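>>> would you be able to build a 3D model of this:
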Amino acid sequence: MSFEGTSDDYLFDNQMLAQIIWRGYTIAEVSCPQKYFAEASSINLRRSIRYGLGCLATALIFRMSRMRIIRSALFPVRE
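Reported below is the predicted structural model:
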């Protein structure tokens, strides 16, 4: 799996999950203990809006690539 073209910010996980689905793999959940504290887990309004819009854009690009309306480096066509 190529990570070129993916975000280097919060959006990376969303793009990675979409790429996994694109390639036909199954996704399972593995639980792991978390500890959140204000300094490590806060995101400001501007970045969270950007993240939300980025998630919507990833979903739209995924769907349009699946329908072969567009070509995307995130979702390459399998011949």
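>>> moving C-terminal from the helix or strand containing A18, which element do we reach first?
In this structure, A18 sits in helix 12-22 according to DSSP states H and E. Using DSSP H and E, the next helix or strand after helix 12-22 towards the C-terminus is helix 45-66.
>>> buried stuff in that next one?
Residues 50-51, 54-55, 58, 61-62, 65 are the ones in helix 45-66 that count as buried (16 or more other C-beta atoms under 10 Å). Just so you know, the C-beta spots here come from the backbone N, C-alpha and C atoms, and that holds for glycine as well.
>>> can you give me how far it is from the chain middle?
Relative to its parent chain, helix 45-66 has a centroid offset of 8 Å by C-alpha atoms, centre = their mean, to the nearest Å.
>>> run through who's touching it.
Outside helix 45-66, the residues that touch it by C-beta atoms under 8 Å, 6 or more residues apart in numbering are 7, 9-11, 14-15, 18, 21-22, 43, 70-72, 74-75, 77.
>>> R47 and E29: what is the separation?
Distance, R47 to E29, using C-beta to C-beta, to the nearest Å: 25 Å.
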